[in-house]
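Trainee: Need the 3D shape of this:
(3 chains)
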Amino acid sequence: MGPWIEKQRNILDFTLASLLRRKGKNAALLLVYTFIVFVLASVMFFTHSIKKEAGLVLQGSPDIIVQRTVAGRHDLIPASYLGPLTKIRGVASGRIRLWGYYFDPITGANYTLLVPEDFSAGAGAAIVGSGISKSRLASEGDVIVLRAHNGESLVLTIKGVLSEKSELISADLVLISEPDFRKLFGISKGHGTDIVLTVRNKKELSTIALKITEALPDARPIIRDEILRTYESVFNWRGGIITVLLAGAVFAFIIFAWDKATGLSAEERKEIGILKAVGWETSDVLLMKFWEGAALSLSAFLTGTALAYLHVFFASSPLFGPALKGWSVLYPEFRLTPFIDPVQIATLFFLTVVPYTTATIVPSWRAATVDPDSVMR
Amino acid sequence: MPSIMEKGRMVKALELTDLCLFTEARYTRHITQADLNTPFQDHPMSLEHFPSGSFIMPPENIFRAYVPQQARK
Amino acid sequence: MIRLRGIRKVFNAGKPNEFTAVDSVSLVVEAKKVTVLKGPSGSGKTTLLSIMGCMARPTAGRIELEGKEITSLPERFLTDIRRDNFGFIFQSLNLITGVTALENVMLPAYPVGEKHSLLRQRALDLLGLFNLTQKALSKVEWLSGGEAQRVAIARALINDPSVIIADEPTAHLDTKLSIEFMENMESLRNKGKTIIIASHDPIVFDSEIVERTVELRDGKVIGK
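Mentor: Here you go, the predicted structure:
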């Protein structure tokens, strides 16, 4: 094994010296290649972690949520629906839920207002998400004024701010009491936003959903399985922007490979002739070409992936900000927990390193088989 | 993963259903709760309102209709 | 000791530009002596050199190296034999530009898989023999004609071959450097190496260190 490793080391040494000879061109190539890997890996890390996190975190979502639709739109649900729903076999309990949206003209942001099952802070109090706290520069003890449905003002004192770490689910939440909610939106006790049901046997969710549509024809059930599946397909690669990114990367690689595949320059051919003349075999020349491709693509791959990791898991993906933010004002800081899919990384490796290395070796085949005495003629 | 556990607890306590990813519109903020018509309210060829439209597909349950037993017979 | 029997080399066989470079050459090159192949350009000197040095195969005929027949060995074995036994100095030097003198000297030994640090030391020692230690880490394009010449000789010696083959070594050198070259060959011969030089330069073939001259014309030997 010793001589084999030494041979690799020797040839690698020469290959690196050769690459340094065309410093500018190879540096540019390395930079672009690394950038592409960086973007692709960042997208991979980001989307995979969000999906994974959603899958874990949303396990605690309600078993079944029942919405009422009127004229095709989600409308308030009558409290009288609770009775028939809880009577369905398999349903353990049910509760009317109150939540809605509030547009704040001061910040131009949409808030999600929610009445939790237990709101100990009482009327006149609010607990806000940290995104709201940051955008309104309001913290515990401060007062926020909301405009009720009838034009009156609803004054709320902030009794707490939800943690920054939970921004991914709570950045825009405002938790208030039931009386305040009904006062704000003018919703009477006879109605609610939707109904949550707890089911005894979690495997029965879709069966019970069917029974709900039978019992209440204008009710639309949403089961937890659907919630989880929706987030499995978020950021799907078939989505618009991701397709554009992939297409861009593919084109960039085609250009690289084209540059390599159009063959060697006369200078490179002459060098190979010299190497053959001084005692290198065809296989040695091809080995050199392999290292030429591998050294560059491996470095680009490792650097790009490492930078992507730092970008997504340490810096909270600042470069995706403009794309993801869109028109929203409240934008959570994506402090994602590192989840990596090894299959994705392996795929990225095979789609980048292998083609590039191959594109470096294959065109050199003919030149590498030149007769050793060619430099003498 | 303490932060994941913290979020999990919050989801259960507050009965949350979605990640706070895109707050521009109702159907982007609560993807899973979006009603049938909203994502398709515009002509299929019309341009997307928000960039988030190119990241998220309509929720799965939209394509599933719970057809009651009587109606099937 | 190299023995050639009826060596014939034809280029582009069967095509309209068919050309016989070497025709029925039989000779014996004695070991540890300086032999010169003399003749005008086109006489087949270069082709004969490349066949002797296992760089090319003859179309017909047989070659023996130290009594062993090597004519029809596969490429890999031939390359090994060439690497171990022959060191080449080319007409246009054929050093790789953009790379240091030291690296150029080490190149022929890379495929062998010798430990890098040992190889490097050996190469430095060789360059030292030719007073090139200072220039070891300079890129070859910065070297003077004479220095580059000596680097080429050092490169030919890296695998410690028994035979040195030089093809028109003085073609691009002035008189002083040509004489210097022949002096280097003399000292190598004195160390026990076999030297074969192809040249039509009188400084080479009239040199007193030459022990044997083979004259070629139109691919045939006309005088030994």
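Trainee: all contacts plus neighbour counts: C-alpha atoms, from now on.
Mentor: Noted.
Trainee: Just say helix, strand or coil for the closest residue to residue C:192 other than its chain neighbours.
Mentor: Excluding its sequence neighbours, the residue lying closest to residue C:192 (Cα to Cα, 6 or more residues apart in numbering or on different chains) is residue C:32, at 5.2 Å. The three-state assignment at residue C:32 reads coil, by DSSP: H, G, I helix; E, B strand; the rest coil.
Trainee: Taking chain A, what residue is nearest to chain C?
Mentor: residue A:7 (3.9 Å; Cα to the nearest Cα).
Trainee: and that residue, what does it touch?
Mentor: Residue A:7 is in contact with C:110-114, counting by Cα atoms under 8 Å, 6 or more residues apart in numbering or on different chains.
Trainee: Which of these has the largest number of neighbours?
Mentor: Using other Cα atoms under 10 Å in any protein chain shown as the neighbour test, the contacts of residue A:7 are led by residue C:110, with 24 neighbours.
Trainee: Return the backbone torsion pair for the residue nearest to that one when sequence neighbours are not counted.
Mentor: Once flanking residues are discounted, residue C:110 sits nearest to residue A:10: 5.6 Å by Cα to Cα, 6+ apart. Dihedral pair for residue A:10: phi -60, psi -50, per degrees, to the nearest 10.
Trainee: So which bits of the helix or strand harbouring the residue of chain A closest to chain C are buried?
Mentor: Following DSSP states H and E, one finds residue A:7 within helix A:2-21. Neighbour-count burial for helix A:2-21 flags A:6-15, A:17-19 (criterion: 16 or more other Cα atoms under 10 Å in any protein chain shown).
Trainee: now stretch A:291-302: how far from the chain's centre is it?
Mentor: Here the centre of mass of C-alpha atoms in stretch A:291-302, compared against the chain's by Cα atoms, centre = their mean, to the nearest Å, lies 27 Å away.
Trainee: re earlier: go through the contacts of residue A:7 and say which is closest to residue A:367.
Mentor: residue C:111 (18.1 Å; Cα to Cα).
Trainee: From chain B, how far out is the residue nearest to that closest one when sequence neighbours are not counted?
Mentor: Spatial nearest neighbour of residue C:111, excluding adjacent residues (Cα to Cα, 6+ apart): residue A:7 at 5.6 Å. From residue A:7 across to chain B, the span is 46 Å (Cα to the nearest Cα, to the nearest Å).
Trainee: what about residue C:46, neighbour count?
Mentor: 25.
Trainee: same check, this time on residue B:26
Mentor: Residue B:26: 17 neighbours (other Cα under 10 Å).
Trainee: wait, what's in contact with it?
Mentor: Taking Cα under 8 Å, 6+ apart as the test, what residue B:26 contacts is A:101, B:34.
Trainee: give me that answer again for 6 Å
Mentor: Contact analysis of residue B:26 by Cα atoms under 6 Å, 6 or more residues apart in numbering or on different chains lists nothing.
Trainee: quick revisit: return the subset of the contacts of residue A:7 lying in strands.
Mentor: Among the contacts of residue A:7, no member is found in strands (DSSP state E).
Trainee: Make JSON lines out of those and add distance to residue A:310 and pLDDT.
Mentor: Formatted as JSON lines, the contacts of residue A:7 follow (distance: Cα to Cα, whole Å; pLDDT from 0 to 100):
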{"residue": "C:110", "distance to residue A:310": "39", "pLDDT": "91"}
{"residue": "C:111", "distance to residue A:310": "40", "pLDDT": "89"}
{"residue": "C:112", "distance to residue A:310": "42", "pLDDT": "88"}
{"residue": "C:113", "distance to residue A:310": "39", "pLDDT": "85"}
{"residue": "C:114", "distance to residue A:310": "40", "pLDDT": "87"}
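Trainee: which of these lies closest to residue B:14?
Mentor: The closest of these, once distances to residue B:14 are taken by Cα to Cα, is residue C:113, at 67.6 Å.
Trainee: Nearest residue to that closest one in space, please, no chain neighbours.
Mentor: In space, residue C:113 is closest to residue A:7, 3.9 Å off (Cα to Cα, 6+ apart).
Trainee: What of residue A:128?
Mentor: Nearest to residue A:128 is residue A:174, by Cα to Cα, 6+ apart, at 4.5 Å.
Trainee: pretty sure that neighbour is in a helix, no?
Mentor: No. Counting by three-state DSSP, residue A:174 falls outside a helix, being strand.
Trainee: that older thread, could you measure from the residue nearest to residue C:110 over to residue C:118?
Mentor: Plainly put, residue A:10 is 12 Å away from residue C:118 if you go by Cα to Cα, to the nearest Å.
Trainee: dump the residue contacts of residue C:70.
Mentor: Contact analysis of residue C:70 by Cα under 6 Å, 6+ apart lists C:63-64.
Trainee: All the helices of the stretch 151-300 of chain A, residue numbers only.
Mentor: With helices called from DSSP state H, counting those that start in this stretch, the stretch 151-300 of chain A shows them at A:167-170, A:178-185, A:205-215, A:224-232, A:240-261, A:266-277, A:282-313.
Trainee: rank those helices by pLDDT, which is bottom?
Mentor: Here those differ in mean pLDDT, and the lowest is helix A:240-261 at a mean of 75.
Trainee: Next up, the contacts around residue B:12.
Mentor: By Cα under 6 Å, 6+ apart, the contact set of residue B:12 is A:60-61.
Trainee: Report how far apart the opening and closing residues of stretch A:195-209 are.
Mentor: Start and end residues of stretch A:195-209 are separated by 13 Å (Cα to Cα).
Trainee: and the closest residue to residue A:89 other than its chain neighbours, how many residues sit next to it?
Mentor: Nearest residue to residue A:89, sequence neighbours excluded (Cα to Cα, 6+ apart): residue A:208, at 7.9 Å. By other Cα under 10 Å, the residues close to residue A:208 number 21.
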